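Enquirer: sequence and predicted structure below; questions after.
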Amino acid sequence: KNHGVSLVKGDDPYSPAYKILNPDLIPPVPESAFRDLIDSIHAERGFLLLVNFKQFRHTRGSLLTVEKKDGSGPVFEIVSNGKANTLDIVFSTENKQQIVSIEEADLAVGHWKNITLFVQEDRVQFYVGCEEVNTAELDASIQTILTQETPGVASLRIGKGAVKDRFM
């Protein structure tokens, strides 16, 4: 069974690459592993996300999402928005959804991109390759967005999100 992905030739011949066929079939990260990630985020006051991906031109899709199990939307989501040429960070605080867009992302261009997202407290640094593209500030620290209680009420999903557009 393919779990919504198929193996493809990637940018790095020594690492597997997958094409997302159906993000709904990709299982969520197990809750125990998600709890460990949250513990690390709290200990380090942030996280480093490295992603190597290829996205169809002018498409929009979620790289990763922490989505509420009750279906009421994302707690935290990283969206590559090729339509607006942005990398969007969507997050919820106190029942209010917010979005921070990093401009001139140039990700949905049809060839492989290697990105690094460094989130430290309320600051986000975005790199493509070794070049810093931009920085942004969140209205809340990552520890207050992704709390110790989050794994009990939400799931970490890769390539699938609250965004209705599919990521390919």
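Expert: Received, thanks. Numbering: from 1, shown residues only.

Enquirer: in the protein, which residue is closest to the centre?
Expert: By C-alpha atoms, centre = their mean, the chain has its centre lying nearest to L64, at 3.0 Å.

Enquirer: just checking, what packs against the helix or strand harbouring that residue?
Expert: L64 is part of strand 60-68, with elements assigned from DSSP states H and E. In terms of contacts (3 or more C-beta pairs under 8 Å, 6 or more residues apart in numbering; DSSP states H and E), strand 60-68 is packed against strand 46-53, strand 74-81, strand 154-158. (Each C-beta comes from the backbone N, C-alpha and C, glycine too.)

Enquirer: and the helix or strand I38 falls within, what's buried?
Expert: Per DSSP H and E, I38 falls inside helix 31-44. Under the neighbour-count criterion of 16 or more other C-beta atoms under 10 Å, helix 31-44 has F34, L37, I38, I41 buried.

Enquirer: please apply the same query to stretch 62-70.
Expert: Under 16+ other C-beta under 10 Å, the buried positions of stretch 62-70 are S62, L63, L64, T65, V66, E67, K68.
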